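Undergrad: Below is the sequence, then the predicted model.
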Amino acid sequence: MKKLLTGIFLFHSIISYAQRDNNTKVLSDITEKVQQYYIDGNAYKKVDSLFQSEVKKGAFDNVSKKDFAVLLTEKLRTGIEDKHFFVKYIENYTPEEKINEKEREKLYNFQNSLENFGFENVQRLEGNIGYINFKGFADPKSSARVLASAMNFVANTNSLILDLRENGGGDNGMLLLFCSYFFNTKTNLYTTYFRHTNKTVQNSTQSKVSGQKYLHKKIYILTSNKTFSAGEALAYFLRQNKLAEIIGERTGGAANPVDNFIIQDQYLLLVPAGKITSSVSHTNWEHIGVTPDQETKAENALKTAHVKALENILKTETKTELSIPEIKNLINKLEQ
């Protein structure tokens, strides 16, 4: 029995040592990526100090790889105060060089298609008001057709409600394409500075899109504290250009765009590598989020926006399928 227990103890010790050694390599690689790519060139010192402190406390001992990734995400976000940091354990990862680029793109497109490229719901509300529930920005090459279809569907409505309350962000190219539907001409929206290349990139809308543009009409954007990254950007830039009114809750506050890396063929790491600056205000929403024009609980935002759209119809005497008494009755119903 003693020999058996000794064997078990030695085996456990070997496993624990191997785990600590692997964790050390992961922590070292993450610190290196932060040093090379993070927008703040000195932040890696804080990361290194944080990791060393956590290792001494045994914070990463005897945790699964999945839980290790969760802990790293939490430590990076709180330690550097940037919500765009993210670490995820990738089970059964195949190194990229072994995957054909076209096959990888096909896989990503298929995965995004399972969620209709972020378009959860598109409909016409009473009073001829368009509604798009949009949850995420996929690659524009694959999702442009769905976006065009959604915009064509709402093209004849008198006003539009964009529901971004569950939008977690995504592809920058899709953000610019979506914005392009609300600008008549090519417009410079923001610049992005990348410290690791010391380059500044201009980000602009497109003058032409494949669907119908939505111009010179009221736009209401719904937000919550879950609205994040590119979701925040869509609200931020449309309002800055006086094209939309925001209703709901203050957003998450993550403006810095990310680069992604594979660490030790086991973990996906997102590092905020750029800094966005609005062409209008020369600011962004990092840390502070996007503050709504009218604050209300997220669950009440749609009703509030619908009422505002109907009140605007009465004010401007816009023709809809509803009579004036019917519009007033609908407003009373929504406000109850």
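TA: Here it is on my side, so go on. Numbering: from 1, shown residues only.
Undergrad: There's contact between residue 296 and residue 304 in this structure, I believe.
TA: Yes - counting by CB atoms under 8 Å, residue 304 is a contact partner of residue 296 at 5.2 Å. No exception for glycine: its C-beta is placed from N, CA and C like everyone else's.
Undergrad: Need the overlap of contacts for the two.
TA: residue 247 (CB atoms under 8 Å, 6 or more residues apart in numbering).
Undergrad: what about these two, which has more around it?
TA: For residue 296 and residue 304, the more surrounded residue by other CB atoms under 10 Å is residue 304, and the numbers stand at 20 against 16.
Undergrad: Could you measure from residue 314 over to residue 57?
TA: Applying CB to CB, to the nearest Å, the value for residue 314 to residue 57 is 62 Å.
Undergrad: out of the two, which sits in the busier spot?
TA: The neighbour comparison of residue 314 against residue 57 (other CB under 10 Å) goes to residue 314, with 14 against 9.
Undergrad: which element is that one on?
TA: helix 301-316 (DSSP states H and E).
Undergrad: just residue 234 next, same as before
TA: Assigned by DSSP H and E, residue 234 belongs to helix 230-240.
Undergrad: Which secondary structure elements does the helix or strand following that helix sit against?
TA: If you walk from helix 230-240 toward the C-terminus, the next helix or strand you reach (DSSP H and E) is strand 245-248. If contacts are counted by 3 or more CB pairs under 8 Å, 6 or more residues apart in numbering; DSSP states H and E, strand 245-248 sits against strand 218-223, helix 230-240, strand 294-295, helix 301-316.
Undergrad: Mind checking those for the one nearest to residue 35?
TA: Residue 35 lies closest to helix 230-240 among the helices and strands packed on strand 245-248, at 26.0 Å (CB to CB).
Undergrad: export the closest one as CSV, just CAs?
TA: The C-alpha trace of helix 230-240 is given here as CSV (Å, rounded to 0.1, in the frame of the first residue of the first chain):
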residue,chain,number,x,y,z
ALA,A,230,-17.7,47.0,-33.2
GLY,A,231,-21.2,47.1,-31.8
GLU,A,232,-20.3,50.2,-29.8
ALA,A,233,-18.5,51.6,-32.8
LEU,A,234,-21.6,51.5,-35.0
ALA,A,235,-23.6,53.4,-32.4
TYR,A,236,-20.7,55.8,-31.7
PHE,A,237,-19.9,56.8,-35.3
LEU,A,238,-23.5,57.1,-36.5
ARG,A,239,-24.3,59.4,-33.6
GLN,A,240,-21.1,61.4,-34.0
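Undergrad: Now do it: everything it contacts.
TA: Here helix 230-240 makes contact (CB under 8 Å, 6+ apart) with 136-137, 162, 164, 167-172, 174-175, 178-179, 182, 189-190, 219, 221, 223, 227, 244-246, 251-255, 276, 278, 280-281, 284-285, 289-290, 293.
Undergrad: How far off centre is stretch 277-296?
TA: Computed by CA atoms, centre = their mean, to the nearest Å, the chain-centroid distance of stretch 277-296 equals 15 Å.
Undergrad: how about it: buried residues?
TA: Across stretch 277-296, burial judged by 16 or more other CB atoms under 10 Å covers 277, 278, 279, 280, 284, 285, 286, 289, 290, 292, 296.
Undergrad: so which strand or helix has residue 27?
TA: helix 2-37.
Undergrad: before we move on, what about residue 149?
TA: Per DSSP H and E, residue 149 falls inside helix 140-153.
Undergrad: other SSEs contacting that helix?
TA: Using 3+ CB pairs under 8 Å, 6+ apart as the contact test, the elements touching helix 140-153 are helix 101-113, strand 119-125, helix 172-180.
Undergrad: Comparing those, which stretch has the densest surroundings?
TA: helix 172-180 (a mean of 22; mean count of other CB atoms under 10 Å).
Undergrad: right, and the helix or strand after the worst-scoring helix or strand of the chain on mean pLDDT?
TA: Lowest by mean pLDDT, DSSP states H and E among the helices and strands of the chain is helix 2-37, with a mean of 69. With elements assigned by DSSP H and E, the helix or strand that comes after helix 2-37 is helix 43-57.
Undergrad: any idea how far that following helix is from the chain center?
TA: Worked out by CA atoms, centre = their mean, helix 43-57 lies 27 Å from the chain centre.
Undergrad: Just the CA atoms of that helix, as CSV, please.
TA: C-alpha atoms of helix 43-57 as CSV (Å, rounded to 0.1, in the frame of the first residue of the first chain):
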residue,chain,number,x,y,z
ALA,A,43,2.0,47.6,-20.1
TYR,A,44,4.0,44.3,-20.4
LYS,A,45,5.8,45.3,-17.2
LYS,A,46,2.6,45.3,-15.3
VAL,A,47,1.6,42.0,-16.9
ASP,A,48,4.9,40.4,-16.0
SER,A,49,4.7,41.6,-12.4
LEU,A,50,1.1,40.4,-12.2
PHE,A,51,1.9,36.9,-13.5
GLN,A,52,4.8,36.5,-11.2
SER,A,53,2.7,37.5,-8.2
GLU,A,54,-0.1,35.1,-9.2
VAL,A,55,2.4,32.2,-9.7
LYS,A,56,3.9,32.8,-6.3
LYS,A,57,0.4,32.6,-4.8
